[in-house]
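> Show me the folded form of this:
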Amino acid sequence: MRPGDTVSTSYSTGGVVTEVKDYFYAAPTGETLFHFAIVYVPPERAAKYRDTDRHWINECVAVGDRILMLFEANEDEVFVVDRVRSVETPPLRTILIG
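Residues are numbered from 1 along each chain as shown. Coordinates of the predicted model:
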């Protein structure tokens, strides 16, 4: 996931990702667990937004191809519904040979 991707949640929120922040949680077991926060804005504000438009989805973890919450008691899930095109991918071109 990267800025520009569009996400939705299992609890009917979502928008355009503006930032993904990495964090670490020191568990009581001594383990250090990686998780991340997704910062997004409503789609209609994506082109020009203010700090008050920003929303956070905290304590996310990647489990296979799913984005779940760090604590298993939380059954919420985040879905990437549209990916922004990578700038490294060259645009498709059609060449006519005649």
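
> Go ahead and confirm residue 15 touches residue 49.
No - assessed by CB atoms under 8 Å, residue 15 is found out of contact with residue 49, at 9.4 Å. Quick note: C-beta positions are derived from backbone N, CA and C, even for glycine.

> Overlap of the contact sets of those two?
Common contacts of residue 15 and residue 49 (CB atoms under 8 Å, 6 or more residues apart in numbering): residue 41.

> and those two? which has more neighbours close in?
residue 15 (22 against 16; other CB atoms under 10 Å).

> residue contacts, that one?
Contact analysis of residue 15 by CB under 8 Å, 6+ apart lists 6, 7, 40, 41, 42, 43, 45, 46, 55.

> residue ranges for the strands of this protein, please.
Secondary structure of the chain (DSSP state E): strands at 6-9, 14-26, 32-41, 55-63, 66-69, 77-82.

> can those strands go into JSON lines with extra columns for mean pLDDT?
Shown next, in JSON lines, are the strands of the chain (pLDDT from 0 to 100):
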{"stretch": "strand 6-9", "mean pLDDT": "97"}
{"stretch": "strand 14-26", "mean pLDDT": "95"}
{"stretch": "strand 32-41", "mean pLDDT": "94"}
{"stretch": "strand 55-63", "mean pLDDT": "94"}
{"stretch": "strand 66-69", "mean pLDDT": "93"}
{"stretch": "strand 77-82", "mean pLDDT": "96"}
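
> related to what we said a few turns ago, just flag the most distant two among the contacts of residue 15.
Pairwise distances across the contacts of residue 15 peak at 14.6 Å for 7 and 45 (criterion: CB to CB).

> Name the residue in these two with the higher neighbour count.
A direct count of neighbours by other CB under 10 Å for residue 7 and residue 45 places residue 7 higher, at 20 against 16.

> which non-adjacent residue is nearest that one?
For residue 7, ignoring the flanking residues on the chain, the nearest one in space by CB to CB, 6 or more residues apart in numbering is residue 14 at 4.9 Å.

> what bridges to that neighbour?
Beta-bridge partners recorded for residue 14 (DSSP bridges): residue 8.
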